[in-house]
Structure formats: structure tokens, C-alpha cells
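Asks: here is my input, please return the structure:
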Amino acid sequence: MAEPNVLAVLRAALPRVIDPVRPPGRVAALRGLPGLGALFAGLPLSVEQGFKPLHDALRAEGLDVVDGVVSKLDGATDGSPPPLVVALPPRSRDEGRALLARAWQEVAVGGVVVGAALNDEGARSYEKDLAALAVLAGTLSKAHGRAFWTVPRPAALAADAKAVLDRWRAADAPRLDPASGRWTRPGVFNEGRLDAGSALLIEHLPDDLRGRIADLGSGSGLLSIAALERCRGITSLDLFEAEARALDLARRNLAGASLPIGFHWLDVARGVARPEGGFDTVLCNPPFHIGARGVPALGRAFIAAAAASLHHGGQLLLVANRHLPYEDVLRESFGRGEALAERAGFKVYRAWAPRRSG
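Replies: Numbers count the residues shown, from 1 in each chain. Below you'll find the model as predicted:
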């Protein structure tokens with residue numbers, strides 16, 4: 001896997017951060033990326049990454065990885081905090097600020113926090129954010145990104161920094177939206193609110209959906225909630241989602257459901273195991289971006305996964321941006337299909353007679 005640019009600037013900064021004579025005894029990385037294992041070879045490294053494809057890639061490097069939904073950094077066997085914390089904030093500003101706040105709050109006294117981001121993902125803003133919490137010891141610009149790191153953490157945090165830290169962490173916490181009654185959180189697709197594509201699909205959900213339903217790329221569970229409210233014949237529901245933060249919201253949003261619900265933290269693009277007998281219906285509003293980069297192949301992989309998970313009489317109900325080239329893979333994966341609706345740049349499809357199920 002090619003090294004992301006943000007790791008290139010981090011690599012350049014590390015000789016200024018790590019004392020080669022007295023290296024840190026342990027390193028923790030928040031929102032860590034594949035390639036960190038090589039950067040910190042020889043040092044004990046624990047990583048948080050809640051996006052399943054990246055999580056799996058980090059585990060393939062032999063690293064200790066957790067999903068990032070936890071609110072406390074893993075300590076050493078003696079419970080002590082890490083002396084070096086690496087924070088790689090994402091595009092969501094609230095999530096990124098909370099990540100920097102966690103790093104500064106939980107690094108060991110005398111330890112250092114180093115952050116890094118790409119310029120087009122808010123590097124300068126995040127540098128200023130870390131400077132609002134701590135005195136910076138240095139910065140470095142390289143490979144379209146910036147790295148920035150603190151002086152050693154004092155035993156007691158300044159009162160103004162502590163207030164900012166608490167405010168940023170609170171802004172990133174899951175919260176119940178009073179208008180919708182749903183749980184939302186920064187960094188989750190549409191922050192857990194209903195998007196135009198999902199709304200169009202919900203409008204065209206048939207009332208007679210029944211049996212076993214799957215929601216691929218479920219996010220915070222809004223499609224599933226709508227299906228349960230409208231379709232009384234559903235007997236079970238399985239949600240598949242790659243982002244752990246989103247799946248946590250789905251669990252909250254569906255906590256009161258009265259039928260069996262499965263929550264699966266899974267990279268759907270790698271396939272979904274078909275349950276015995278297969279699903280009756282798959283609902284899907286597939287992602288087509290990885291970060292800021294458009295990846296239409298991701299949606300095609302979701303369609304293929306849907307076909308493989310259905311029984312021979314099952315159906316897929318899909319919404320997608322109108323410009324995305326999904327018609328070919330729908331014809332390859334299903335024997336029959338139709339367009340149900342089109343509005344505001346989105347299109348709803350129904351496909352049945354899956355070719356790739358037994």
C-alpha cells in the first residue's frame with residue numbers, strides 16, 4: 001500500500017520529535033493509518049482506527065488496533081499513559097479537534113503530542129487548534145501536509161486550555177437531536193441526519209417489505225428506522241457499516257426495536273456472508289468516496305455484495321447519484337431491474353433475480 005502523504009510529513013518530523021538516545025517507551029496513534037508500523041518499527045505501538053478497511057490493514061501489519069469508539073487511550077500493562085501520542089485528525093473539524101484534545105489530555109506528563117494533516121484537509125487549522133491547547137515546540141511543512149508537535153506536557157493543564165479541551169470533546173460526543181429524535185455525531189455521514197438520497201429511497205420503500213432485511217452501508221441506521229416504521233412484515237434486520245462511530249449511532253437509534261437486529265462492523269466492499277436462506281431485501285445507499293476522492297468502484301462492490309447475500313427471489317432497493325455508472329453492474333448482478341424514481345440528482349433502483357446467489 002502506498003504511503004499516504006500525511007505519513008510522509010510525519011516521517012520527516014519524527015527525528016525532531018523523538019530523542020534517538022531516549023526514545024519513548026510506547027506510542028499511541030489516534031485515527032492511525034496503514035504504514036505506521038514501519039514508521040515506529042521497534043517501538044510498542046497501539047492504534048485507534050474506526051474505519052474497518054483501514055483497521056484491517058493496520059492489523060495486517062501486526063499492530064494492536066482498536067475501533068476508536070472507546071473514550072480512553074489504552075494504557076500499558078501497568079496502566080500508565082503513553083509518552084508519545086500521534087493524532088491524525090480527519091476532515092471533520094469537530095471530530096479532529098476532539099482528537100487533539102484527547103491526545104493532549106491523555107498523553108503522559110512529560111510526554112509529547114504530534115499531529116499531522118494534509119493541507120487540503122485542514123492542516124493549518126489543526127495546527128492552530130493544537131496551539132490553543134499547548135505550546136508548540138515545532139512545525140514542519142512537507143508533501144502537501146503539515147506536522148506540528150507540543151512541548152512536554154505539564155503536570156497540570158492551564159485553566160484556559162482545559163476549558164477549550166472540555167468544550168471540544170463535548171462537541172464531538174454523540175447527542176440526541178431534539179428535532180428528529182435521532183442520535184447524531186460529527187464525522188458521521190451527514191452527521192447522522194437524513195440526506196436527500198436516503199429520503200428519496202424512503203419515499204419509495206414498499207409497505208409490504210417482509211422477512212429478513214439487510215442495510216448495507218447503514219450509517220446511523222436511518223434507512224433501517226424508516227423500514228421498521230413503515231413495513232410491519234419485517235422479521236429481522238441486519239445493519240452492515242464500516243465506520244464504527246456510525247454503527248454506534250445505529251445501535252443507539254434502534255435500541256428500542258422489538259425484533260432481532262444485528263449490527264455488523266464490516267467492510268461491505270469485501271463481501272457480505274449470506275445467512276442461511278439469504279436475505280429477502282437489501283437496502284442500500286452506497287458510499288462512493290474514500291475521503292475526498294471519488295471511487296465509483298465502491299458502489300459497484302456494494303451492488304455485487306448485495307446480490308450475493310440475497311436468496312433467489314430477493315430484491316435490492318438502491319439509491320445513488322444519477323451520474324454514477326451503476327446500470328452495468330446492476331445488469332451483471334441481477335436478472336431484472338427497474339428505475340423507481342429520479343429527483344434532485346438521485347435515482348432509486350429496484351433489482352431482483354440475483355445472478356450471484358445460489
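
Asks: domains in the chain, by residue range?
Replies: Following the TED database, the chain resolves into domains at 6-172, 175-354.

Asks: can I get the ones you listed in JSON lines including mean neighbour count and mean pLDDT?
Replies: Every residue, glycine included, has its C-beta placed from N, CA and C. Formatted as JSON lines, these follow (neighbours: other Cβ atoms under 10 Å; pLDDT from 0 to 100):
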{"stretch": "domain 6-172", "mean neighbour count": "18", "mean pLDDT": "92"}
{"stretch": "domain 175-354", "mean neighbour count": "19", "mean pLDDT": "93"}
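
Asks: so what's A269 closest to, chain neighbours aside?
Replies: A301 (3.9 Å; Cβ to Cβ, 6 or more residues apart in numbering).

Asks: ditto for H264
Replies: F240 (4.7 Å).

Asks: what does I202 give?
Replies: Using Cβ to Cβ, 6+ apart, the nearest residue to I202 is A226, at 4.3 Å.

Asks: quickly note the distance from that neighbour to L209.
Replies: According to Cβ to Cβ, to the nearest Å, A226 and L209 sit 11 Å apart.

Asks: show me what contacts G96?
Replies: P89, P90, A117, G122, Y126, D129 (Cβ atoms under 8 Å, 6 or more residues apart in numbering).

Asks: for the residues you listed, which one is nearest P186?
Replies: P90 (9.5 Å; Cβ to Cβ).

Asks: ok so the closest one is a helix residue?
Replies: No. Assessed with DSSP: H, G, I helix; E, B strand; the rest coil, P90 is coil; it does not lie in a helix.

Asks: got the phi/psi numbers for it?
Replies: Here is the backbone geometry of P90 (degrees, to the nearest 10): phi -80, psi -170.

Asks: was I right about it contacting G187?
Replies: Yes. The pair P90 / G187 is scored as a contact, 6.1 Å apart, by Cβ atoms under 8 Å.

Asks: which residues in the stretch 51-200 of the chain form helices?
Replies: Secondary structure of the stretch 51-200 of the chain by DSSP state H, counting those that start in this stretch: the helices cover 52-60, 93-106, 123-133, 159-172, 196-203.

Asks: out of those, which is closest to R11?
Replies: helix 123-133 (15.4 Å).

Asks: can you list contacts of the closest one?
Replies: 89, 93, 96-97, 100-101, 104, 113, 115-117, 136, 139, 145-146, 148, 150, 161, 164-165, 168.

Asks: again with stretch 247-262
Replies: So stretch 247-262 is contacted by 69, 174, 182-185, 188, 192, 218-222, 224-225, 228, 234-239, 241, 263, 265 (Cβ under 8 Å, 6+ apart).

Asks: the residues you listed in strands, which ones?
Replies: Residues of the contacts of stretch 247-262 located in strands (DSSP state E): W183, T184, I234, T235, S236, L237, D238, L239, E241, F263, W265.

Asks: who does the residue nearest to the fourth one when sequence neighbours are not counted bridge with?
Replies: The one in question is T235. Of all residues not flanking T235 in the chain, G211 sits nearest, at 5.7 Å (Cβ to Cβ, 6+ apart). Going by DSSP bridges, G211 is paired in beta bridges with I234.

Asks: measure the residue lying closest to G221 once chain neighbours are set aside to K347 for me?
Replies: Once flanking residues are discounted, G221 sits nearest to A250: 3.4 Å by Cβ to Cβ, 6+ apart. Going from A250 to K347 by Cβ to Cβ gives 25 Å.

Asks: ok so, going back, which residues touch the residue nearest to A269?
Replies: Here A301 is in contact with V268, A269, R270 (Cβ under 8 Å, 6+ apart).

Asks: quick revisit: including distance to P44, could the helices of the stretch 51-200 of the chain go into JSON lines?
Replies: Below are the helices of the stretch 51-200 of the chain laid out as JSON lines (distance: least, Cβ to Cβ, whole Å):
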{"stretch": "helix 52-60", "distance to P44": "15"}
{"stretch": "helix 93-106", "distance to P44": "16"}
{"stretch": "helix 123-133", "distance to P44": "24"}
{"stretch": "helix 159-172", "distance to P44": "26"}
{"stretch": "helix 196-203", "distance to P44": "43"}
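
Asks: the ones you listed: which one's closest to A13?
Replies: Of all the helices of the stretch 51-200 of the chain, helix 123-133 comes closest under Cβ to Cβ, at 11.9 Å.

Asks: report the angle between the closest one and helix 93-106.
Replies: Relative orientation of helix 123-133 versus helix 93-106 (axes from the mean of the first three to the mean of the last three Cα atoms, to 10 degrees): 40 degrees.

Asks: centre of the chain to helix 123-133, how far?
Replies: Between the centre of helix 123-133 and the centre of its chain there are 23 Å (Cα atoms, centre = their mean, to the nearest Å).

Asks: now the angle between helix 159-172 and that helix, please.
Replies: 130 degrees.

Asks: mind listing what the residue nearest the centre of the chain touches?
Replies: By Cα atoms, centre = their mean, the chain has its centre lying nearest to E243, at 3.1 Å. Each residue near E243 by Cβ under 8 Å, 6+ apart is listed here: G50, F51, K52, V188, F189, G219.

Asks: likewise R230?
Replies: R230 touches I202, L205, D207, L209, counting by Cβ under 8 Å, 6+ apart.

Asks: how about I202?
Replies: So I202 contacts L194, L222, L223, A226, R230 (Cβ under 8 Å, 6+ apart).
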